[in-house]
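[1] task: produce atomic coordinates for the following.
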Amino acid sequence: MSIKTKFAAVALAALTVTAGVASTTSTAQAKPLGWGWGVGAGIATAAIVGTAIAASNEPYYYGYHRCGWVAQYNAFGQYIGRVRTCY
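    As a prediction, the model looks like this:
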């Protein structure tokens, strides 16, 4: 290890310790838990995202579908490409 690297490591360690002491010695303030707005926004967001996901999928009346890629050929038996099929 070079002297510059050692000096940088010591400086970083000193900065970390100083920041830790400064954050723990700040004054404590009693405030109510402001969870009402956050929980309400989370529930509303979950409802909107859940509705969008449910609307984009087919209903599960006939069970789950298995999807895969199948080769596609023209009338002459030549390979054209792949197509996604679900069954």
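[2] mind listing the helices for this structure?
    Using DSSP state H, the helices of the chain run over 3-24, 35-56.
[3] those: lowest mean pLDDT?
    Across these, helix 3-24 has the smallest mean pLDDT, namely a mean of 73.
[4] ok, now which ones touch Arg84?
    67-70 (CB atoms under 8 Å, 6 or more residues apart in numbering). C-beta here means a position set from N, CA and C on the backbone, and glycine is covered the same way.
[5] if we can go back for a sec, got the helices of the chain as TSV, with distance to Cys86 and mean neighbour count columns?
    Shown next, in TSV, are those (distance: least, CB to CB, whole Å; neighbours: other CB atoms under 10 Å):
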stretch	distance to Cys86	mean neighbour count
helix 3-24	54	10
helix 35-56	14	9
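[6] can you add distance to Gly77 and give those back as a markdown table?
    Below are the helices of the chain laid out as a markdown table (distance: least, CB to CB, whole Å):
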| stretch | distance to Gly77 |
| --- | --- |
| helix 3-24 | 67 |
| helix 35-56 | 37 |
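[7] could you count how many residues lie near Phe76?
    Number of residues near Phe76 (other CB atoms under 10 Å) recorded here: 5.
[8] Ala9 and Gly81: what is the separation?
    Going from Ala9 to Gly81 by CB to CB, to the nearest Å gives 57 Å.
[9] please apply the same query to Lys6.
    Taking CB to CB, one finds Lys6 at 61 Å from Gly81.
[10] swap in Asn74?
    Distance from Asn74 to Gly81, by CB to CB: 10 Å.
[11] cool, Ala30 as well?
    For Ala30 relative to Gly81 (CB to CB), the value is 67 Å.
[12] then Val49?
    Applying CB to CB to Val49 and Gly81 gives a distance of 34 Å.
[13] just Ala52 next, same as before
    Distance from Ala52 to Gly81, by CB to CB: 31 Å.
[14] same check, this time on Gly68
    14 Å.
[15] can you give me phi and psi for the residue in the chain sticking out farthest from the centre?
    Centroid-distance maximum for the chain: Phe76 at 47.1 Å, with CA atoms, centre = their mean. Main-chain torsions, Phe76, degrees, to the nearest 10: phi -100, psi 0.
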